[in-house]
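Predicted model and sequence follow; I will ask about them next.
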Amino acid sequence: MIRTILLSTVAAVLAAGPGLAQDAGEARARRILERTPLIDGHNDLPWALRQGHGNDPYAVDLAANLDASTDLHTDIPRLRAGGVGGQFWSVYVPATLTPTEAARETFEQIDTVKRIVAAHPDAFELATTAADVERIHRRGKIASLIGMEGGYSIDDSLGLLREFFDAGARYITLTHSRTTTWADSATDAPKWGGLSPFGEQVVREMNRLGMMVDLSHVSEETMLDAMRVSETPVIFSHSSARGITAHPRNVPDSVLRLMPEDGGVVMVTFVPGFVSETVRAWNAARAAEDARLKSLNPGDPQAVTAGLTAWQTAHPIPVATIADVVAHIQHVRDVAGIDHVGLGGDFDGVDALPVGLEGVDGYPRLLAALMANGWTEADIRKLAGENALRVMRAVEAVAESRKGERPNLAVIAVEGAPE
């Protein structure tokens, strides 16, 4: 009932269209973001440039609004309009690569981020610390941070982990879609029951370096193991609440309830299949139909394509809305607390986004919807950036306290892994 009332309230506010109340709410949100940097935990623009634009930040004019001319969700005018003050650029590469390929291509993605920043020095500046973010934001620029997505990129090497840190990476998502040689994924068969012994050493070395432990994409068991092992608060750079949408990529309430003790932050993502139960169920039904058609038409991909097209015509895809995202943010707040919720849109990492959040300029609209539901300015500041900055400072403090320690020389066991 509470969620129904919440969705109805937000829908009513949004239905007013560009009315005075909505305009005033968005203007108020922008004023807040002038003083508090909005830090988004995950944006896949580097991968979008790699896939569609030759890995070249000059292939599109990021200084122009690209909404009408490209499929990109991100450009400088829309970042400005959205009040984004700090952006973790994801240096994602696919889990299907060999670890050695993944390591090479992740370094290439880090290079892409640095070339994006170099191409637009008036808008972007690289950041590696919380103090950097605050300083760069005060100068009117967008602090550009680097987050790695997928622990397979370290190729089972703590030496490579250290090199990625030196190159600027400030978090690693321990897995992506597949279970790795040392950590279980949320969307693959478990192998370790969480973290392997080497996986625990990876987390400990990340703590020593000052690299945030990102638990988006990992299994619940991996979440619990990482929170047990880590000396620092953890983050979820782009995950939503499983209590609202039953997707394994989302954070269960059992973990949300541990966040106050851990001190970490869940940065709510906007992926439709993660924030809308209706979209999640549609995706599952489509996947089942795809598998059925392939079993009935072995060696005939055209028949599969035709059958799937017919199914989709009969079952139009539902859409998520900004109200769905508000419900997830509210749920994380209700269960974990206001100090443990943030934002991680996953822009340019998905084909579709909720209505009202189609690009990075949508943040004031989202914050206005929350304020219409009773969120105070202090609440919005915590959600937008203060919680993320607090976690960054905590991670940096642990690294400073361990500055005299020697690098971890652990290696992965070549024998004894479960079958």
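Everything's here; your move. For clarity, every value in this text was computed on a predicted model and none was experimentally measured.

I'd say residue 38 and residue 87 touch.
No: using Cβ atoms under 8 Å, residue 38 is not in contact with residue 87; the gap is 9.1 Å. Backbone N, C-alpha and C define where each C-beta goes, glycine included.

wait, what's in contact with residue 55?
49, 108, 112 (Cβ atoms under 8 Å, 6 or more residues apart in numbering).

let me fix that: residue 234
In this structure, residue 234 makes contact with 212, 213, 214, 215, 223, 226, 227, 262, 264, judged by Cβ under 8 Å, 6+ apart.

can you redo the residues you listed as CSV with neighbour count?
As requested, the contacts of residue 234 are exported to CSV (neighbours: other Cβ atoms under 10 Å):
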residue, neighbour count
212, 30
213, 26
214, 31
215, 29
223, 27
226, 25
227, 20
262, 19
264, 31
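
Which of those residues fall in helices?
Applying DSSP state H to those, the entries found in helices are 223, 226, 227, 262.

where along the chain do the strands fall?
For the chain, strands defined by DSSP state E occupy the ranges 38-43, 84-90, 124-126, 142-149, 169-173, 212-214, 235-236, 265-268, 341-343.

TSV please, covering those and showing distance to residue 335 and mean pLDDT.
Formatted as TSV, the strands of the chain follow (distance: least, Cβ to Cβ, whole Å; pLDDT from 0 to 100):
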stretch	distance to residue 335	mean pLDDT
strand 38-43	19	98
strand 84-90	24	98
strand 124-126	35	98
strand 142-149	24	98
strand 169-173	22	98
strand 212-214	20	99
strand 235-236	13	98
strand 265-268	9	98
strand 341-343	10	99
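
which stretch among those comes nearest residue 285?
With Cβ to Cβ as the criterion, residue 285 lies closest to strand 265-268 of the strands of the chain, at 24.9 Å.

so what strands line up beside that closest one?
Applying DSSP bridges, strand 265-268 is found paired with strand 235-236 (parallel), strand 341-343 (parallel).

Need the residues that contact the shortest one.
So that's strand 235-236. 41, 171, 212-216, 251, 264-267, 342, 344, 388, 391.

Contact partners for residue 144?
Contact analysis of residue 144 by Cβ under 8 Å, 6+ apart lists 87, 89, 113, 116, 117, 124, 125, 126, 127.

actually residue 274, not the one I typed
Residues near residue 274 by Cβ under 8 Å, 6+ apart: 239, 240, 245, 247, 249, 250, 280.

how much space between it and residue 243?
Noted for residue 274: a distance of 12 Å to residue 243, by Cβ to Cβ, to the nearest Å.

repeat for residue 177
From residue 177 to residue 243 the distance is 22 Å (Cβ to Cβ).

can you check residue 37 too?
Residue 37 is 29 Å from residue 243, where distance means Cβ to Cβ.

Between the two, point out the one with more neighbours.
In this view residue 37 and residue 243 are compared by other Cβ atoms under 10 Å, and residue 37 has more residues nearby, 27 against 19.

Thought residue 133 was touching the more buried one, still the case?
Yes: counting by Cβ under 8 Å, residue 37 touches residue 133, with 5.8 Å between them.

Overlap of the contact sets of those two?
85, 86, 143, 385, 389.

tell me the contacts of the fourth one?
Neighbouring residues of residue 385 by Cβ under 8 Å, 6+ apart: 36, 37, 38, 39, 85, 86, 133, 342.

and the spatially closest residue to the fourth one that is not a sequence neighbour, bridged to which residues?
It refers to residue 39. Leaving aside its sequence neighbours, residue 39 sits nearest to residue 86 (Cβ to Cβ, 6 or more residues apart in numbering; 3.8 Å). Counting by DSSP bridges, residue 86 forms beta bridges with residue 39, residue 143.

Put together CSV for the strands of the chain, with distance to residue 62 on each row.
Below are the strands of the chain laid out as CSV (distance: least, Cβ to Cβ, whole Å):
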stretch, distance to residue 62
strand 38-43, 12
strand 84-90, 12
strand 124-126, 9
strand 142-149, 11
strand 169-173, 22
strand 212-214, 25
strand 235-236, 26
strand 265-268, 23
strand 341-343, 21
